[in-house]
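Peer 1: just a sequence and a predicted model for now, questions to come.
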Amino acid sequence: MGYKLSIQTPSAEEQLQFLHKIQRLLDEGQFTSTYKFALLIALADLSVEKSDGSGAEMVLNSREIAEKFIQLYWRQVIPFPVLKGEGGILFQNTDHQAAIINRITTDYSQTTCGLMSWMGNRAEYRKLVTDVAGTVRDMPLWRLQRIGNQIDDFLYENIGRGGEITLRSGVAYCMRQFHGQIISMVQGVWVQWIRKIRKNQKLLGQSTDLADFLFGSERNALSSYLPVLQDTQSNHCFYCKQEIKGSGEVDHFIPWSRYPVDLGHNFVLAHKSCNGSKGSVLADIPHLEHWQERNEQYGDALVDFFDDNGLVHDLPSSNAIVSWAYEQAEHAGAHLWSSRSCDLMVADHSWSQVVG
C-alpha cells in the first residue's frame, strides 16, 4: 500500500506501477455489481476530456461521473437478443437488478430516438443525472479502491462521503497515457463478470457477441448534422475543398474507432471517397488547422444548431480529445492522413502549435 505517483509527470517506472495497480484492483477488488467497472471507465474518459495533460491533480464531481455511467449503461438496458424466444435485460448485479439499470430503463422506455435526443430533453435528463449521481455517491465512489480488508486509495483520497473526488497527482496523466489499455482491461473483466452471473446464463447460452452488445456504443443518426455542415462548408468537402455532388458523408474528425463519443464539433462533411480513404487515421496538421478555424469562425452558428436540435456538444471536451489523440499519435510515431493521392505523414509535435 502506500504507493503514490510523483507530483511531476510520472516516471516510466511509476507509470508501470500504476498499470499494475489497476490490474490488481480488477483481479482482487470486491465486486457485487458492474458499477466499479463503469467508474474506472468514467475516470479514464474524463481524464482525456477534462485533464490538461500534466501530472496535476484533477477534481471531478459525481454529476460528471453520472453522465458517463448513463452513456455506458444506456445501450445495456436493451433486451439482449437471443436466437429463439424473447430476450431480456442482462443483470448487472449478483442478486437483483442494479438500481442504475432500472432507473435508466424508465427513461429509455420513453424515447425511440436514442440517448443523444433524450439529452436534449433537459428537465428529464437532468433528473436522470441527479438520480444516477446519487447512486454513484452511495455505491461505487467510496468503495472502488477496497482490496480485501484494506483501502488502497492510489486514485483519490478515500474520504468515504461526498460527491466530489480529487484524482491524485499523476493519475489523470496515466489514465490519458494508457486510456486504450485501461478500457480494454476493464471491458474484458466486465464481460467475464456478466457471464458468471447465474441469472444471465440462460440468455448468454445463445450469445452472439457479448462484448459488442455491452460496449458497441450507440451511434447517432449522422444525417442530423448535415444541414449545419452543408451550410458552414458551403457544401464543399472538408478535406479536398471540392464541391460535393449530392449530400456527402458526415465524418468523425477524430475517428470513432479512436474515441467513440459523438460530440457536435467533431463532425465534418466530406466526399465519400475522402472519408473512405481517411478511414481510422488521424487527419494531417493542415486539416487540424482547418478544423480549429471552422470552430472559431462558425462557433455561434454551430452551437445554436446543436442546441436547437438537441444534439450534444462540448467544445472544451472536443478540444481535449483532439489534443489527446494527436499526442498519442506523436508518441507512437503514427501516420497522419493528408489526401487520397498523398502518402501518409508521420505525426510530430507540430499539432501542439495548432491546438495550444
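Peer 2: Yep, that arrived.
Peer 1: is it true that V48 touches E327?
Peer 2: No. If you go by Cβ atoms under 8 Å, V48 and E327 don't touch, sitting 10.1 Å apart. Using the backbone N, CA and C atoms, a C-beta is placed for each residue, glycine as well.
Peer 1: show me the helices in the stretch 201-350 of the chain, by range?
Peer 2: For the stretch 201-350 of the chain, the helices defined by DSSP state H, counting those that start in this stretch occupy 210-215, 226-232, 272-278, 285-297, 299-308, 315-332.
Peer 1: rewinding a little: V48 and E327: who's more crowded?
Peer 2: V48 (21 against 18; other Cβ atoms under 10 Å).
Peer 1: wait, is that one part of a helix?
Peer 2: Yes. Under DSSP: H, G, I helix; E, B strand; the rest coil, V48 falls within a helix.
Peer 1: and the nearest residue to it once chain neighbours are set aside, how many neighbours?
Peer 2: Spatial nearest neighbour of V48, excluding adjacent residues (Cβ to Cβ, 6 or more residues apart in numbering): W324 at 4.8 Å. Counted with other Cβ under 10 Å, residues neighbouring W324 total 22.
Peer 1: show me what contacts W324?
Peer 2: 48, 53, 176, 179, 259 (Cβ atoms under 8 Å, 6 or more residues apart in numbering).
Peer 1: relative to V354, how far out is the third one?
Peer 2: In this case it means R176. 19 Å (Cβ to Cβ, to the nearest Å).
Peer 1: one more: the fourth one?
Peer 2: Separation of H179 from V354 (Cβ to Cβ) stands at 21 Å.
Peer 1: which residues touch L336?
Peer 2: With Cβ under 8 Å, 6+ apart, L336 has these contacts: 281-285, 329, 344-347.
Peer 1: check what pLDDT it gets.
Peer 2: Model confidence at L336, given as pLDDT, is 93.
Peer 1: F213 now?
Peer 2: pLDDT, F213: 82.
Peer 1: can I assume it is in contact with F80?
Peer 2: Yes. Using Cβ under 8 Å, F213 is in contact with F80, at 6.3 Å.
Peer 1: what's around the closest residue to Q145 other than its chain neighbours, how many residues?
Peer 2: Sequence neighbours aside, D153 is the residue nearest to Q145 in space, at 4.8 Å (criterion: Cβ to Cβ, 6+ apart). Residues within reach of D153, counting by other Cβ under 10 Å, total 17.
Peer 1: before we move on, what about I182?
Peer 2: Neighbours around I182, by other Cβ under 10 Å: 24.
Peer 1: what does K202 give?
Peer 2: Around K202 there are 11 residues (other Cβ under 10 Å).
Peer 1: what do you get for W193?
Peer 2: 18.
Peer 1: and what of Q192?
Peer 2: Neighbours of Q192 (other Cβ under 10 Å): 11.
Peer 1: which intervals of the stretch 151-300 of the chain have sub-threshold pLDDT?
Peer 2: Scanning the stretch 151-300 of the chain with the threshold set as pLDDT under 70 gives 206-208, 217-220.
Peer 1: give me the common contacts of V48 and E327.
Peer 2: With Cβ under 8 Å, 6+ apart as the test, V48 and E327 both reach R176.
Peer 1: just to revisit the earlier point, higher neighbour count, H179 and V354?
Peer 2: H179 (20 against 17).
Peer 1: quick one, phi psi at that one?
Peer 2: Per-residue torsions, H179: phi -50, psi -50 (degrees, to the nearest 10).
Peer 1: picking up where we left off before, would you turn the helices of the stretch 201-350 of the chain into JSON lines with distance to G163?
Peer 2: Below are the helices of the stretch 201-350 of the chain laid out as JSON lines (distance: least, Cβ to Cβ, whole Å):
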{"stretch": "helix 210-215", "distance to G163": "26"}
{"stretch": "helix 226-232", "distance to G163": "35"}
{"stretch": "helix 272-278", "distance to G163": "41"}
{"stretch": "helix 285-297", "distance to G163": "32"}
{"stretch": "helix 299-308", "distance to G163": "27"}
{"stretch": "helix 315-332", "distance to G163": "20"}
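Peer 1: what count of nearby residues applies to the closest residue to N61 other than its chain neighbours?
Peer 2: Distance criterion Cβ to Cβ, 6+ apart; nearest residue to N61, sequence neighbours excluded, is E164 at 4.8 Å. When neighbours are counted by other Cβ under 10 Å, E164 registers 15.
Peer 1: got it, and N149?
Peer 2: 6.
Peer 1: which residues of the stretch 51-200 of the chain fall in strands?
Peer 2: Listed in chain order, the strands of the stretch 51-200 of the chain (DSSP state E, counting those that start in this stretch) span 58-61, 146-147, 150-151, 164-167.
Peer 1: deepest-packed of these, please.
Peer 2: Neighbour counts (mean count of other Cβ atoms under 10 Å) averaged over each of the strands of the stretch 51-200 of the chain peak at strand 164-167, with a mean of 19.
Peer 1: quick one, what contacts N309?
Peer 2: Applying Cβ under 8 Å, 6+ apart, the residues near N309 are 120, 224.
Peer 1: quick check, pLDDT for it.
Peer 2: 86.
Peer 1: spit out the contact partners of the nearest residue to D231 once chain neighbours are set aside.
Peer 2: Nearest non-adjacent residue to D231, counting by Cβ to Cβ, 6+ apart: A301, 7.5 Å away. If a contact means Cβ under 8 Å, 6+ apart, then A301 has 228, 231-232 as its contacts.
Peer 1: scan these and report the most crowded one.
Peer 2: In the contacts of A301, the most neighbours by other Cβ under 10 Å go to V228, 21 neighbours.
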